[in-house]
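A.B. asks: sequence and predicted structure, then a few things I'm wondering about:
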Amino acid sequence: MSVEEKINSLRLELEAHNHRYYVLDTPVISDFEFDRLLRELQDLERDHPQFADPNSPTQRVGGSITKSFETVVHDHRMYSLDNSYSKEDLLDWEARIKKVVDGPVTYMCELKYDGASISLTYEQGRLLRAVTRGDGLQGDEVTANIRTINTVPLKVNAPNSERFDIRGEIIMTKSGFQQLNEQRAALGEELFKNPRNTASGSLKLQDSAEVAKRPLTCFLYSIQGAKWPIDTQESMLDQARAMGFKVPAQAKAAADMNQVMAFIDYWDQHRHELPYEIDGVVIKVNDLNQQVELGYTAKAPRWAMAYKFKAEEVQTELLNVVYQVGRTGAITPVAELRPVELAGTVVKRASLHNADQIEKLDLHFGDVVVVEKGGEIIPKITAVRDHLRREDALPVGFIESCPECESPLVRLSGEAQHYCPNETECAPQIIGRISHYISRKAMDIDGLGEETVALMVRQGLINDFADLYGLRMDQVVPLERMGQKSAENLIQGVKDSLKQPYHKVLFALGVRHVGETVAQKLAQAFPDIDTLKAATQDELLAVDDIGVKIADSLMAYFSDSDNWHRIERLRSYGCQFEAMGTEQIQLSSAALDGLSFVVSGVFQKVSRAELKNLITEHSGKVVGSISGKTSYVVAGDQMGPSKRQKADQLGIPIIGENDFFEMINKAN
Ligand code: AMP
Ligand code: ZN
């Protein structure tokens, strides 16, 4: 067998296993065996880059960066759906259908998957592109991200090789969502609100390797523009299944409206047993010729109707209101409820947002309240049954002092939120700031999580993030659930964080309104912290993206001597307060226009993803494998020997990261 044949047969084999595992849920080989085959293919592809293929199973791990998503016009418009909420609505709809269509009408009932719509285009049986719904006429091309989703076949067995579109919904299962949030909690990152927003947000991530880590699934429900015969919605779903797409098995044909209603009633009752969220069902006229007769309104097909389930609500008793203090001192009231079952889970708490909301509900202790499960994990109180209120019930008044440190709370005019102003001594604020400092996007300290931070703060070991650098083994080892090995990891993680670049340090400081992007812009405009500190408001405002709110927040931050003192301490420990390498160079330009780069190995000053990013930002092109057309190979440590050999063979210059930065700087 030639290398090319071997590569092709491995690709087919891996895709078949992928399909069995993710679409059919019936794997026939172990994960170990699958990984072995995948590695074999990876090795072959690495050594024979001339056979590279964006639809190879090896590409599912992602790695490409999309800086801005291209707008693409859909071949077939993506319509919305009309909504109905009752049996009467459906009967009205049927009456409208019967006016247009002669003869019997049957229906296909499907679940309405709650995620983000997607349109996949296949040509020659291969995934060509994936586009979001957008405004229905045109959407964003997110192919690199969609390729990482295992339930999306990269190659299909279509009845012919002509181009067609297939519509579906990208969703995240409930358990996948929960696991993702658990991982985020462990890293001290902000939690996602609900599976739907997380799924749609994931489609627009720039780094496809990040998307690959998200547990996304794609359900398909409609083929468009097929150049082969399809006569019913039901057989369309069967065809999609046969081609390798995931089509949930719950979809069911109905001979009449009574059967449609039975389907709706069943899933209204049982929807919590599904591993993913639905927000209703979709009923479609089954016969595609009848669909054509019915056609579309300006916004939706006349042959389909969504039936929306009511948000579920229950009544229960308000036991108490407790108050949580966040990193910035913001106070959030939380209702404690008599436990009650709602939407398949037991609810004990509900969020109340702020004082205004408590007032608006005119909440009293002991009230019977209506709790609704909306799209978010934490349910909310939507109404109070005040006719059931006891005469002596006391109104819930907002607290006046901090539940943690007893400082009098402040409320800035125009803001709904109350704050605890005691930044320096209020434990949750201290813990919150340190947790932010160590989080992955900031100093990325491995071996340390929020719980340990809380423990160390409460025991008086640390009081701010600069104290982390003074921690000794003998202080850490005795901590609960710690031990020698974990303590070593923690100390090492803290030490490693000294390598984090200046802009990450700026973000880690937690200056109000200074997010990741702003920190990057600041690092670029003010190459060290002293220059930044000395900047006037005008100088700050001259920087892209920086408005009065951020400028004032920075000025206030630097005018506080405690803050500056903390920075001096961090600097004395060796934290980076000066821009180096990429931080000093312009963020984007046309310097690399017309050049293509292969990136290989591990770099000192930037991650591989950042380097690729820089190439595209400066108008260059990143390619996966070396060919005669490659302009440069940017090589870091541990560059693959076969890549080096290949570059030498073809006479492609190999440059290091410093040469690369110089290239950009010189051109600018
Ligand atoms: P809406 O966004 O409320 O107008 O509803 C239309 C959307 O429902 C479509 O764009 C799809 O993304 C989504 N949807 C979910 N499940 C289905 C399904 N089985 N058939 C058609 N559309 C569906
Ligand atoms: Zn406080």
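C.D. replies: That came through fine. Ligands and ions are numbered 1, 2, ... in the order given.
A.B. asks: from the stretch 1-150 of the chain, which residue is nearest to ligand 2?
C.D. replies: residue 114 (38.4 Å; Cβ to the ion). No exception for glycine: its C-beta is placed from N, CA and C like everyone else's.
A.B. asks: isn't that residue right up against residue 282?
C.D. replies: No. Counting by Cβ atoms under 8 Å, residue 114 does not reach residue 282; the two are 11.6 Å apart.
A.B. asks: ok, the closest residue to ligand 1 within the stretch 101-250 of the chain - contacts?
C.D. replies: Proximity of the stretch 101-250 of the chain to ligand 1 (Cβ to the nearest ligand atom) peaks at residue 117, 3.0 Å away. Counting by Cβ atoms under 8 Å, 6 or more residues apart in numbering, residue 117 touches 78, 132-133, 167-170.
A.B. asks: confirm it sits in a strand?
C.D. replies: Yes. Counting by DSSP: H, G, I helix; E, B strand; the rest coil, residue 117 is part of a strand.
A.B. asks: just the CA coordinates of stretch 147-154, formatted as PDB?
C.D. replies: Taking Å, rounded to 0.1, in the frame of the first residue of the first chain, the C-alpha atoms of stretch 147-154 are listed here in PDB:
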ATOM      1  CA  ARG A 147     -14.900  20.900  12.000                       C
ATOM      2  CA  THR A 148     -14.000  20.300  15.600                       C
ATOM      3  CA  ILE A 149     -17.500  19.000  16.500                       C
ATOM      4  CA  ASN A 150     -17.400  15.200  16.300                       C
ATOM      5  CA  THR A 151     -21.000  14.700  15.300                       C
ATOM      6  CA  VAL A 152     -20.500  16.800  12.100                       C
ATOM      7  CA  PRO A 153     -19.300  14.400   9.400                       C
ATOM      8  CA  LEU A 154     -16.400  15.800   7.400                       C
END
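A.B. asks: just give me how far it sits from the chain centre.
C.D. replies: 17 Å (Cα atoms, centre = their mean, to the nearest Å).
A.B. asks: same check, this time on stretch 310-328
C.D. replies: So, by Cα atoms, centre = their mean, the centroid of stretch 310-328 is 26 Å from its chain's centroid.
A.B. asks: same check on stretch 111-124?
C.D. replies: 18 Å.
A.B. asks: try stretch 601-609
C.D. replies: On Cα atoms, centre = their mean, the centre of stretch 601-609 falls 23 Å from that of its chain.
A.B. asks: over to stretch 205-217?
C.D. replies: 7 Å.
A.B. asks: say whether ligand 1 is contacted by it.
C.D. replies: No. If you take Cβ under 6 Å from any ligand atom as the test, stretch 205-217 misses ligand 1, and the best it gets is 12.7 Å.
A.B. asks: between the two ends of that stretch, how far is it?
C.D. replies: Stretch 205-217 has an end-to-end distance of 16 Å (criterion: Cα to Cα, to the nearest Å).
A.B. asks: ok, and what's touching it?
C.D. replies: Outside stretch 205-217, the residues that reach it (Cβ under 8 Å, 6+ apart) are 22, 60-67, 144-145, 147-149, 151, 170-173, 176-177, 179-180, 198-199, 202-203, 246, 276, 609, 613.
A.B. asks: quick one, which of the residues you listed are buried?
C.D. replies: 22, 60, 62-66, 144-145, 147-149, 151, 170-173, 176-177, 180, 198-199, 202-203, 246, 276, 609, 613 (16 or more other Cβ atoms under 10 Å).
A.B. asks: narrow these to those in strands?
C.D. replies: 170-172 (DSSP state E).
A.B. asks: any chance of those in CSV, with distance to ligand 1 and pLDDT too?
C.D. replies: Conversion of these to CSV gives the following (distance: Cβ to the nearest ligand atom, whole Å; pLDDT from 0 to 100):
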residue, distance to ligand 1, pLDDT
170, 9, 98
171, 9, 97
172, 14, 96
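A.B. asks: look up how far ligand 1 lies from the closest residue to residue 96 other than its chain neighbours.
C.D. replies: Nearest residue to residue 96, sequence neighbours excluded (Cβ to Cβ, 6 or more residues apart in numbering): residue 302, at 7.2 Å. Distance, residue 302 to ligand 1, by Cβ to the nearest ligand atom, to the nearest Å: 14 Å.
A.B. asks: so residue 480 sits against residue 454, correct?
C.D. replies: No. Residue 480 is beyond contact range of residue 454, at 10.9 Å (criterion: Cβ under 8 Å).
A.B. asks: those two - which one has more neighbours?
C.D. replies: In this view residue 480 and residue 454 are compared by other Cβ atoms under 10 Å, and residue 454 has more residues nearby, 17 against 8.
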